[in-house]
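S.K.: This is a predicted model, with the sequence first.
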Amino acid sequence: MEITGIGMSTTVLSNANTNSAIGIALLDKALETDQMNGDALTKMLERSVNPMIGQNIDIRL
């Protein structure tokens, strides 16, 4: 193998490693966003079951 071939293969592997790291970081951020959206949806659904509980006080005697 030529010297230039070794240098080129090193560059290609380095670029692939960088692209992989970027992809993993983006996936981690997407999973974090999905978790936050799921939590918000769960809270919204819990409130929709009895939306008026705790919002009004009946003080008639």
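M.R.: Yep, that arrived. Numbering: from 1, shown residues only.

S.K.: remind me which residues of the protein are low pLDDT?
M.R.: 1-4, 50-55, 58, 61 (pLDDT under 70).

S.K.: again, only this time at 90
M.R.: Applying pLDDT under 90 to the chain picks out residues 1-15, 43-61.

S.K.: Which parts of it are helices?
M.R.: Applying DSSP state H to the chain gives helices spanning 3-49.

S.K.: What lies in contact with stretch 13-22?
M.R.: Residues from elsewhere that reach stretch 13-22 (Cβ atoms under 8 Å, 6 or more residues apart in numbering): none. In this view, the C-beta of every residue, glycine as well, is placed from N, C-alpha and C.

S.K.: Run the chain-centre distance for it.
M.R.: A distance of 20 Å separates the centroid of the chain from that of stretch 13-22, by Cα atoms, centre = their mean, to the nearest Å.

S.K.: and if you look at stretch 38-57?
M.R.: 24 Å.

S.K.: What residues sit buried inside that stretch?
M.R.: Under the neighbour-count criterion of 16 or more other Cβ atoms under 10 Å, stretch 38-57 has nothing buried.
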